[in-house]
Each structure stands twice: as C-alpha cells, then as structure tokens.
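**Student:** I would like to see how this sequence folds:
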Amino acid sequence: MATIVLIHGAYQGGWVWQPTAKVLRAAGHTVYAPTLEGCAERSHQLRAGITTETHGDEIANLLFYEDIQDAVLVGTSAGGMVMAKAAELARERVGRLVFADALALQDGERIPDFVDRKTAINTDLGSGPPRSDVVGRLFKDLEEPIRTWATERYTMQPIACMRDPVELKKFWSQKWTASVIYCTNSINPPQAHQRRAADTLGASWHELVTGHYPMLSEPDALAKLIIEG
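**Tutor:** All right, here's what the predicted structure looks like:
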C-alpha cells in the first residue's frame, strides 16, 4: 500500500480532495491532504511572505515529521508547483510524482506566463476570483450538490504564489518517476504546458474526459490513475 500526499491548488484547501481521498483510503492507502498556509481553514494565517517555496517547505516538513518514505505526491493546478518544490527539498523521501491537470513551471517562470486571470481580485496579501466567476467559470462543470459545496469553500490564494517566479534550481535536472494527467475539458493549464512537463520528465501521459477539478468530478477514475501511475 502507498502513502499518498494530495496537494491542493489555488483558492482551495485539503477539502477539495475529500471524494478522491475517500476512494484511496477505502483501497487501503494512507492518505494526507493538508491545507497550506493562508488557505481555506488556514486563511486566518494569510500574511506577507507566503510563497510557492514556503508552501513546498510545508510539504517537505510533513514528509520529515511523519517519517514518510517513498511518498506518492499528487499536485493539482497551482499545487503542481508546490509539489515540485517539495520534491526538490525532500528528494530522498519521494517515490513518485503525479501532476493532476497541474501547472509545471520551470525555474523563473510565473503563473501569468501561462494562465490569463482576467477576473482576479488582488489585495496586498491575497488573490482570487469574484464569487460570480467561481460559480460561472471555475466550478460550472461540476454537478450539484458538489458545485455548491465547493463554491462555499473557495478562498483567496496568497498573492505571491500567483504572481512571483518559482525557484526550482534542481528539480528539472533530477530523475523522477512521474505521470501527467491531462483533463481534456480544462482550458488551464494548457495542454502544451502539460505535454512539456511529460516530455521533460519522461513521464507517462494519461487523459481524463472532465474539467479542471477531477478530484471532485471523477474521483474514482482519478484515484485509479494515482494508484496505477
């Protein structure tokens, strides 16, 4: 049985993984789905200085303090960047990486290089879409009641994570066992961006006919791909 760490994306928390985590645990796997600093139930911790790198350090510390070996890290959306940083920091504890419709930025790249966030509301500390955009765009493909359930839980993302370049000095030159799961009904991250990640890593390529939130729309199919790699 595997030990799996599920890393959420922007405007989310560990809550977004609930349906998929349930499937994985029922299959006998040990599953962690932490919420990163400044997000969801930790939104009261939103402060200056939270970055993709500090989020990656959180996951690396989780692997250390829980003494996790041969971890399967799964990152979705902006969580792909966090996963890459955590893997770089804790190389000896990582067995496999899964990019689930995830951003896979290279050193010095920024989310705006690949994703146009026209409706973003930015403050000094956070960034996120208005509720109307969450309902009408982000979660529009989800069926009820999961769409309302998810809409009630979205929060702002620490702004530096959405704006600043990532620092990945070693990740892309290291050898990884990885897979990339592309969601065919999702616009972002673009297919070409995800193909680049798969080609660079020599990763296996999978496709799911669903939108950007497969952990909510297709938990059984996503769990199967996570387990099988």
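**Student:** Quick check: the closest residue to Phe171 other than its chain neighbours vs Gly9, distance?
**Tutor:** Leaving out its chain neighbours, the residue that sits closest to Phe171 by C-beta to C-beta, 6 or more residues apart in numbering is Glu88, at 4.3 Å. All C-beta spots, glycine's among them, are computed from the backbone N, C-alpha and C. Counting by C-beta to C-beta, to the nearest Å, the gap from Glu88 to Gly9 is 19 Å.
**Student:** Show me which of the two is the more surrounded one.
**Tutor:** Taking other C-beta atoms under 10 Å, Glu88 and Gly9 do not tie; Gly9 has more neighbours (25 against 20).
**Student:** what's the more buried one in contact with, if anything?
**Tutor:** By C-beta atoms under 8 Å, 6 or more residues apart in numbering, Gly9 lies in contact with 16, 75-80, 102.
**Student:** ok, the closest residue to it other than its chain neighbours - contacts?
**Tutor:** Leaving aside its chain neighbours, Gly9 sits nearest to Ser77 (2.7 Å; criterion: C-beta to C-beta, 6+ apart). Contact analysis of Ser77 by C-beta under 8 Å, 6+ apart lists 8-10, 12, 101-103, 189, 212.
**Student:** can you list those in TSV and add secondary structure, distance to Ile226 and pLDDT?
**Tutor:** Shown next, in TSV, are the contacts of Ser77 (DSSP: H, G, I helix; E, B strand; the rest coil; distance: C-beta to C-beta, whole Å; pLDDT from 0 to 100):
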residue	secondary structure	distance to Ile226	pLDDT
His8	coil	14	98
Gly9	coil	15	98
Ala10	coil	20	97
Gln12	coil	17	96
Asp101	strand	13	98
Ala102	strand	12	98
Leu103	coil	18	97
Pro189	coil	18	95
His212	coil	17	96
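**Student:** Let's see the distance spanning stretch 62-75 from one end to the other.
**Tutor:** 15 Å (C-alpha to C-alpha, to the nearest Å).
**Student:** Make residue 1 into 12 and carry on from there
**Tutor:** OK, 12 is where the count begins now, so the last one is stretch 73-86.
**Student:** buried set for it?
**Tutor:** For stretch 73-86, the neighbour count (16 or more other C-beta atoms under 10 Å) marks 73-74, 79, 82-86 as buried.
**Student:** that older thread, need phi/psi at the residue nearest to Gly20.
**Tutor:** phi 50, psi -130 (degrees, to the nearest 10).
**Student:** returning to what we had before: what helix or strand is the residue nearest to Phe182 located in?
**Tutor:** Assigned by DSSP states H and E, Glu99 belongs to helix 90-100.
**Student:** How far away from the center of its chain is that helix?
**Tutor:** Centre-to-centre, helix 90-100 and its host chain are 9 Å apart (C-alpha atoms, centre = their mean, to the nearest Å).
**Student:** Now do it: everything it contacts.
**Tutor:** With C-beta under 8 Å, 6+ apart, helix 90-100 has contacts from 18-20, 47, 63-64, 66-71, 74, 84-86, 105, 108, 110-111, 113-116, 172, 177-182, 185, 187, 200, 208.
**Student:** ok, back up a step: considering the contacts of Gly20, which is situated nearest to Ser215?
**Tutor:** When those are ranked by distance to Ser215 (C-beta to C-beta), Ala113 comes first, at 14.3 Å.
**Student:** That closest one is in contact with Pro200, isn't it?
**Tutor:** Yes. Ala113 is in contact with Pro200 according to C-beta atoms under 8 Å; the separation is 6.8 Å.
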